[in-house]
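J.: Quick one, what's the 3D model for this:
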Amino acid sequence: MSSSAEPLGQGRFLREALLQEPVGERIRCNICHRRCLLPSGGLGWCRTRAHRAGRILTLTNGAVSSLAPSPIEKEPFYHFHPGSYALTVGSRSCNFGCPWCQNWEIGKVVPSAPAKFLAPDDFVR
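T.: Numbering: from 1, shown residues only. Sure, this is the predicted structure:
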């Protein structure tokens, strides 16, 4: 992971989003069930998809908010290798709006917040 934090929504955090379709002057984001219809310069409900120059860009590519081993009992694999650990990784944003959310600071991050970059290839290694 990069040692210094960089602003989200710029440089290597930008990537053209998958699952988008033009709808007149707007673009529909088809990443989640909300299917946001973004005007030029607009953000999706998640605040990590932006309509720029006629396409939707992901503003948080490689932005890892958490990376840690967790006891397997906390994960949905409760009966899988009891007493072991699972590597958990979290990204920025969320497309849910749960009023009880304990991760709202990362789940609803403003795209310009500083973040550390972790390239997908580096994560797999």
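
J.: quick one: least confident helix or strand in this structure?
T.: Lowest by mean pLDDT, DSSP states H and E among the helices and strands of the chain is strand 6-7, with a mean of 68.

J.: Next SSE downstream of that strand?
T.: strand 15-16 (DSSP states H and E).

J.: So which other helices or strands are in contact with that following strand?
T.: Contact analysis of strand 15-16 by 3 or more Cβ pairs under 8 Å, 6 or more residues apart in numbering; DSSP states H and E lists strand 55-58 as its packing neighbours. No exception for glycine: its C-beta is placed from N, CA and C like everyone else's.

J.: and the strand it packs on, how far out from the chain's middle?
T.: Mean-position distance between strand 55-58 and its chain equals 13 Å (Cα atoms, centre = their mean, to the nearest Å).

J.: try stretch 57-75
T.: The answer for stretch 57-75 is 9 Å, by Cα atoms, centre = their mean.

J.: And the contacts of it?
T.: By Cβ atoms under 8 Å, 6 or more residues apart in numbering, the residues outside stretch 57-75 that reach it are 1, 8-9, 12-17, 47-50, 78, 80-93, 106, 109, 111, 115-120, 123.
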